[in-house]
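no FASTA, just this:
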């Protein structure tokens, strides 16, 4: 039985259909075991110009939220000569700007209850320089900086904002970008697997998301929690 009771929470999940998305959603459904369909809303539209109207409609239809999970991780591996402005814009949009727009739209539409918790998925790339990942590293560093600022700005309503800096996750192991990494840098795959405790399980990330959304914590805010098997140690 899961120890985090989210049965009374109304949660907005922003993400797609990745393995990590599915692991987090499965655990949230378990934690929200009483009529979970009434309490969990999944939003997948990353078109930034449509987010405000979408969020307004969602809040009007569903009511305000007690928790928000932003699980968009758009990675990319390209040497500097191929990092053109349109790529930087797209990576920054997906990993950072969409998050800001979702939170802004929720606040504007009165879609956040007092005491709500916002959890954004970041990456150890935010803190660790990696070859051929400059745009991605910078976008997640921006996300983590925004988390700290939002934590201060929303603290008067006891709204907590945190991020999770994840390392390599088992659910991502078969993604096509692994081959891209190997093509760019022959030792990149080895580098990604040198965590002393190994690759992180998707369920462990999901457990941290549930913990941060739950009433088990009231004062953790403005921080980025590292889950990387000890890779950054």
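Sure thing, it's come through. Computed from a prediction, not measured in an experiment: that's the story for all the values here.

and residue 78, how many residues sit next to it?
17 (other CB atoms under 10 Å). For glycine as for every other residue, the C-beta is placed from the backbone atoms N, C-alpha and C.

tell me which element it is part of?
Under DSSP states H and E, no helix or strand contains residue 78.

My guess is it contacts residue 132. True?
Yes - Residue 78 is in contact with residue 132 according to CB atoms under 8 Å; the separation is 5.7 Å.

how much space between the closest residue to residue 200 other than its chain neighbours and residue 208?
Closest residue to residue 200 apart from its sequence neighbours, by CB to CB, 6 or more residues apart in numbering: residue 169 at 5.0 Å. Here the criterion is CB to CB, to the nearest Å. By it, residue 169 lies 12 Å from residue 208.

out of the two, which sits in the more crowded spot?
Ranked by neighbour count (other CB under 10 Å), residue 169 and residue 208 place residue 169 first, with 24 against 18.

For that one, give me its contacts.
19-20, 199-202, 205 (CB atoms under 8 Å, 6 or more residues apart in numbering).

try it again with 7 Å
The contact partners of residue 169, by CB atoms under 7 Å, 6 or more residues apart in numbering, come to 20, 199-200, 202, 205.

Helices - which of those residues land there?
Secondary structure from DSSP state H places 20, 202, 205 of the contacts of residue 169 in helices.

Which pLDDT does the model give the first one?
Spelled out, it's residue 20. Residue 20 is assigned 95 on the pLDDT scale.

That one reaches residue 201, doesn't it?
No - with contacts defined as CB atoms under 7 Å, residue 20 does not count as touching residue 201, sitting 10.3 Å away.

So between the two, which is more surrounded?
Under the neighbour definition other CB under 10 Å, residue 20 and residue 201 were set side by side, and residue 20 has more, 23 against 15.

For the chain, which segments count as strands?
Here the chain has its strands, by DSSP state E, at 11-14, 40-43, 65-70, 112-123, 160-166, 224-227.

Where does the prediction get shaky in this protein?
Along the chain, the model assigns pLDDT under 70 to residues 1-2, 34-38, 173-193.

so how far is the longest helix along it off the chain centroid?
What stands out as the longest helix in the chain, according to DSSP H, is helix 134-153. Chain-centre distance of helix 134-153: 11 Å, with CA atoms, centre = their mean, to the nearest Å.

And the residue nearest the centre of this structure?
residue 121 (2.0 Å; CA atoms, centre = their mean).

so who does that one touch?
Contacts of residue 121 (CB under 7 Å, 6+ apart): 70-73, 164, 166.

same thing but at 6 Å, please
Shown in contact with residue 121 (CB atoms under 6 Å, 6 or more residues apart in numbering): 71, 73, 164.

Repeat that for residue 228.
Residue 228 touches 124, 167, 195, counting by CB under 6 Å, 6+ apart.

same check, this time on residue 160
Per CB under 6 Å, 6+ apart, neighbours of residue 160: 117, 221.

And residue 79, by the same measure?
Residue 79 neighbours (CB under 6 Å, 6+ apart): residue 132.

before we move on, what about residue 200?
167, 169, 227, 229.

hmm, back to that, of the strands of the chain, which is nearest residue 92?
strand 112-123 (13.7 Å; CB to CB).

can I get the contacts of residue 169 in CSV with distance to residue 49?
Listed next are the contacts of residue 169 as CSV, based on distance: CB to CB, whole Å:
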residue, distance to residue 49
20, 26
199, 37
200, 34
202, 31
205, 30
